[in-house]
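> sharing a model that was predicted from the sequence below.
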Amino acid sequence: MKKNGLLSEFKDFIMRGNVMDMAVGVIIGGAFTGIVTSLNEDILTPVLGIFGGTDFSNLTVKLGSSEAAPVLAYGNFITAIINFLIIALVIFLLIKGLNALSSKFKKEEEEAAPTTKTCPFCKSEIAIDATKCPHCTSDQPNE
């Protein structure tokens, strides 16, 4: 069997980190959607029903007078919009929090002591504790 065959290429593609990360994200996203749907249907909709006097999922319009007339369930659409807004808000807050953490860690890295210095003779970058430049072999002055 050829080493560079279609099956081998597919295996390499699947085993890449970004594909695996995407798969994990899709699975977690599905679980998260279930949590947000439950939050909306089981907690928010009843609370909003107290103030509005109605449950969104029961809002419908019958299009016709016969028994087989189609029903427009616009309450389900309102529920889907609320789900979307909740998911968007939670994702926004998560990303905002992650960005704040990331910038905090970047500031800590920037404040860390330097690990390199410039050789005063050849202007090459060398280790900060070097006593001799590996490029021009000059002795480094004590600082």
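Happy to help now that I have it.

> and the top helix by length along the chain, how far from the chain's centre?
Across the chain, the longest stretch assigned as helix under DSSP state H is helix 74-111. Mean-position distance between helix 74-111 and its chain equals 8 Å (C-alpha atoms, centre = their mean, to the nearest Å).

> which strands or helices does the very next helix or strand once past that helix pack on?
Scanning forward in sequence from helix 74-111 by DSSP states H and E, the next helix or strand is strand 116-118. Packing partners of strand 116-118 (3 or more C-beta pairs under 8 Å, 6 or more residues apart in numbering; DSSP states H and E): strand 125-127. Any C-beta I mention is one placed from the backbone N, CA and C, and that applies to glycine too.

> now the strand it packs on: mean pLDDT?
The pLDDT scores in strand 125-127 average 90.

> once you drop chain neighbours, what's closest to residue 116?
Using C-beta to C-beta, 6 or more residues apart in numbering and skipping the chain neighbours, the partner closest in space to residue 116 is residue 125 (5.0 Å).
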